[in-house]
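In: here you go, sequence then predicted model.
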Amino acid sequence: MRADRVLFVTLVCLVSVACVKPPPTTTPEIEVEPPETWTAAATDADEPTSEWWDQFGDASLGPLIEIALEENIDLIAAAARVDRAVAQARIAGADLKPQIGIGANAKNQRFNPAAFGQGGEGPGLSASTFTSYGLSLDVSWEVDLWGRLRAGARAALAEAQAVDADLAGARLSLAGQTAKTWFAVAEALEQVELARSSAESFRVRADWIRERYEMGIRPPLDLRLALSNLAAAESLLALRREQLDRSLRLLETLLARYPSARLLEHFPSAGLPELPAPPPAGLPAEIVSRRPDLVAAERRLASTDQNLKSARRALYPRLSLTGSGGTLALQLADLLDGDFGVWTLAANLTQPLFQGGRLRAGVEQADATKDEALARYVSSVLQAYREVESALAAEAFLHDRVTALEEAVKQTSAAQHLSEQRYAQGVGDYLVVLESQTRAVTSKSDLLSVRRALLDNRVDLHLALGGGFDYPTDTATADPAAEDPAL
């Protein structure tokens with residue numbers, strides 16, 4: 001076989017490398033067996049939805065979340081981490097492919113025959129200097145006999161998938177944080193309005209008592225109590241304004257905007273929305289494939305498994321092939337002349353014998369890393385189950401609180417009206433009026449807080465279940481006989 005043909009075949013063999021695929025997705029077995037259904041509560045729903053935040057019916061919420069997902073700085077950083085992981089996977093996969101380079105060199109040499117015992121006189125035996133030029137195409141390739149390099153590339157691909165799942169989790173978390181902060185703004189607006197109306201009512205009441213005190217109808221104690229109640233209401237109003245200001249600035253930061261607390265100029269709030277129908281929670285086993293953090297944990301476990309394979313196969317022999325072809329001439333003009341062509345082919349087989357235990361320690365390290373990844377995966381699954389069960393249970397408890405507080409608002413409002421009426425007729429004690437006013441404001445404020453807690457808990461449920469759902473529309477009306485010919 002001609003020399004140039006041998007080099008060509010070698011180059012073709014080196015370039016022909018199979019593509020690497022990431023390890024398949026699996027569900028690791030854990031000792032904890034999930035129940036067939038959630039133990040805290042069962043959920044159902046009637047209509048489909050594309051984005052879970054649309055269920056809240058707030059016209060400003062969707063655009064705000066879209067801005068956050070597009071502009072948030074932390075999300076941009078998470079996307080950059082994905083790009084970095086993908087680049088790292090490409091670097092790992094490059095070891096499977098041949099390394100090709102072009103070399104050019106110029107060498108100046110001096111040869112002295114006398115140094116080799118070729119003494120004597122004459123022009124042919126004198127020291128001489130000459131220059132040589134070389135141009136070469138160099139190729140090297142480690143043959144992946146045992147799959148060591150391929151396992152390392154698969155590990156890097158699995159890690160890149162894990163980082164991509166981290167990005168999906170960050171997007172889900174940011175959407176939830178944006179929604180909860182917007183609900184905090186909505187509650188703060190209603191709390192400010194409640195505090196403002198209460199302060200105005202107390203001011204009117206204090207002025208009325210002051211007039212009667214100056215007329216000698218009411219004692220100074222009543223006036224001082226009325227003024228202290230007014231001062232407390234004004235203090236509460238300042239607190240509510242501060243809470244609104246903080247919530248607005250936090251939301252603007254999530255949107256990557258300057259925290260000027262002027263967001264309501266562009267996105268007005270209509271107050272706290274009503275709680276939508278609960279989403280279909282599905283089965284506990286389905287959560288593993290829905291939650292981005294569990295997907296990332298499974299991919300990292302798969303990555304550690306591939307790293308363990310790579311570490312074990314590092315104990316086996318390695319075969320490396322190298323090839324080089326080019327020209328070597330004494331004149332630059334001859335570098336492109338085929339008559340001056342040179343080539344080399346080499347194969348190198350090495351077997352590690354003694355490296356101070358480094359390779360076996362690498363296997364033990366990879367094995368321990370895999371055990372750690374499995375433990376982290378199990379821990380993440382248990383935490384996911386806990387979050388779903390807790391959110392489902394909390395919703396029932398919060399509904400009970402809303403029912404009780406609605407009754408409390410009804411009774412305290414009626415008690416306030418009755419006490420103020422009796423006091424105006426001169427048959428009541430102002431301490432009773434003061435107590436009824438305070439309880440009425442407190443119960444209304446608590447009701448707003450619990451209504452927001454219900455909304456926050458629903459957001460937490462969506463996050464725990466991995467996001468939004470498409471509600472099945474034909475499940476209830478499907479005919480089993482039409483689907484199973486045996487029926």
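Out: Cool, the structure landed. Numbering: from 1, shown residues only.

In: please make it C-alpha for all contacts and neighbour counts, starting now.
Out: OK.

In: tell me where the stretch 251-400 of the chain has strands.
Out: Assigned by DSSP state E, counting those that start in this stretch, the strands in the stretch 251-400 of the chain fall at 318-329, 341-350.

In: any idea how far the first one is from the chain center?
Out: Put plainly, it is strand 318-329. The chain centre lies 47 Å from the centre of strand 318-329; the measure is CA atoms, centre = their mean, to the nearest Å.

In: what strands line up against it, and which way round?
Out: If you go by DSSP bridges, strand 318-329 pairs up with strand 128-143 (antiparallel), strand 341-350 (antiparallel).

In: just put these in TSV and tack on mean pLDDT, distance to residue 454 and mean neighbour count.
Out: As requested, the strands paired with strand 318-329 are exported to TSV (pLDDT from 0 to 100; distance: least, CA to CA, whole Å; neighbours: other CA atoms under 10 Å):
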stretch	mean pLDDT	distance to residue 454	mean neighbour count
strand 128-143	78	60	17
strand 341-350	76	66	13
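
In: quick one: the nearest residue to residue 428 once chain neighbours are set aside from residue 429, how far?
Out: The shortest distance from residue 428 to any non-neighbouring residue, by CA to CA, 6 or more residues apart in numbering, is to residue 422 (5.1 Å). Distance of residue 422 to residue 429, computed by CA to CA, to the nearest Å: 8 Å.

In: and these two? Which one has more around it.
Out: Between residue 422 and residue 429, counting by other CA atoms under 10 Å, residue 422 is the more crowded of the two (16 against 13).

In: give me the distance between the more buried one and residue 383.
Out: For residue 422, the distance to residue 383 equals 56 Å [CA to CA].

In: same question for residue 423.
Out: Look at residue 423 and residue 383: by CA to CA, they are 56 Å apart.

In: of the two, who's got more company?
Out: Neighbours per residue (other CA under 10 Å) separate residue 423 from residue 383, with residue 423 holding more: 16 against 13.

In: I'd guessed the more buried one sits against residue 434; true?
Out: No. Counting by CA atoms under 8 Å, residue 423 does not reach residue 434; the two are 10.7 Å apart.

In: the residue nearest in space to the middle of the chain: helix or strand, and which one exactly?
Out: For the chain, residue 170 is the residue whose C-alpha lies nearest the centre (CA atoms, centre = their mean; 2.5 Å). Secondary structure assignment for residue 170, by DSSP states H and E: helix 148-214.

In: what's the angle from that helix to strand 128-143?
Out: Helix 148-214 runs at 70 degrees relative to strand 128-143, counting by axes from the mean of the first three to the mean of the last three CA atoms, to 10 degrees.

In: so what does helix 148-214 touch, helix or strand wise?
Out: For helix 148-214, the elements it packs on are helix 61-71, helix 73-94, helix 220-254, helix 292-313, helix 430-465, judged by 3 or more CA pairs under 8 Å, 6 or more residues apart in numbering; DSSP states H and E.

In: single out the most deeply packed of the ones you listed.
Out: Mean neighbour count (mean count of other CA atoms under 10 Å) peaks for helix 292-313 among those, with a mean of 25.

In: for residue 286, see how far away residue 131 is.
Out: 73 Å.

In: same check on residue 202?
Out: Noted for residue 202: a distance of 55 Å to residue 286, by CA to CA.

In: more crowded one of those two?
Out: Between residue 202 and residue 286, counted using other CA under 10 Å, the more crowded position is residue 202 (23 against 12).

In: low-confidence ranges, the stretch 351-487 of the chain, go.
Out: 469-487 (pLDDT under 70).

In: again, only this time at 90
Out: Counting by pLDDT under 90, the stretch 351-487 of the chain has low-confidence residues at 351-359, 362, 385, 388-389, 392, 420, 423-431, 434, 465-487.

In: just to revisit the earlier point, take the helices and strands packed on helix 148-214 and write them to a markdown table, including distance to residue 321.
Out: Formatted as a markdown table, the helices and strands packed on helix 148-214 follow (distance: least, CA to CA, whole Å):
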| stretch | distance to residue 321 |
| --- | --- |
| helix 61-71 | 49 |
| helix 73-94 | 16 |
| helix 220-254 | 54 |
| helix 292-313 | 19 |
| helix 430-465 | 52 |
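
In: so which of those comes closest to residue 402?
Out: Checking those against residue 402 by CA to CA gives helix 430-465 as the closest, at 6.4 Å.

In: how about stretch 450-461 as CSV, C-alpha atoms only?
Out: Output of stretch 450-461 as CSV, limited to C-alpha atoms (Å, rounded to 0.1, in the frame of the first residue of the first chain):
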residue,chain,number,x,y,z
VAL,A,450,-55.2,34.9,55.7
ARG,A,451,-56.7,35.5,52.3
ARG,A,452,-53.2,36.4,51.1
ALA,A,453,-51.8,33.3,52.9
LEU,A,454,-54.3,31.2,50.9
LEU,A,455,-53.0,32.7,47.7
ASP,A,456,-49.4,32.2,48.7
ASN,A,457,-50.1,28.6,49.7
ARG,A,458,-51.7,27.9,46.3
VAL,A,459,-48.5,29.3,44.7
ASP,A,460,-46.5,27.0,47.0
LEU,A,461,-48.7,24.1,45.8
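
In: gap between residue 381 and residue 172?
Out: Using CA to CA, residue 381 is found at 17 Å from residue 172.

In: neighbour count for the two, which is higher?
Out: A side-by-side neighbour count of residue 381 and residue 172, using other CA under 10 Å, places residue 381 first with 23 against 20.

In: wait, the more buried one sits on residue 293?
Out: No. The pair residue 381 / residue 293 is not scored as a contact, 9.2 Å apart, by CA under 8 Å.

In: among the strands paired with strand 318-329, which is nearest residue 399?
Out: Closest among the strands paired with strand 318-329, using CA to CA: strand 128-143, at 65.5 Å.

In: contact partners for the nearest residue to residue 149 once chain neighbours are set aside?
Out: Closest residue to residue 149 apart from its sequence neighbours, by CA to CA, 6+ apart: residue 96 at 6.3 Å. Contacts of residue 96 were listed using CA atoms under 8 Å, 6 or more residues apart in numbering, and they are 17, 141, 142, 143, 144, 149, 150.

In: may I see the residues you listed organised as JSON lines, with distance to residue 269 added?
Out: As requested, those are exported to JSON lines (distance: CA to CA, whole Å):
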{"residue": "17", "distance to residue 269": "59"}
{"residue": "141", "distance to residue 269": "64"}
{"residue": "142", "distance to residue 269": "64"}
{"residue": "143", "distance to residue 269": "65"}
{"residue": "144", "distance to residue 269": "62"}
{"residue": "149", "distance to residue 269": "57"}
{"residue": "150", "distance to residue 269": "55"}
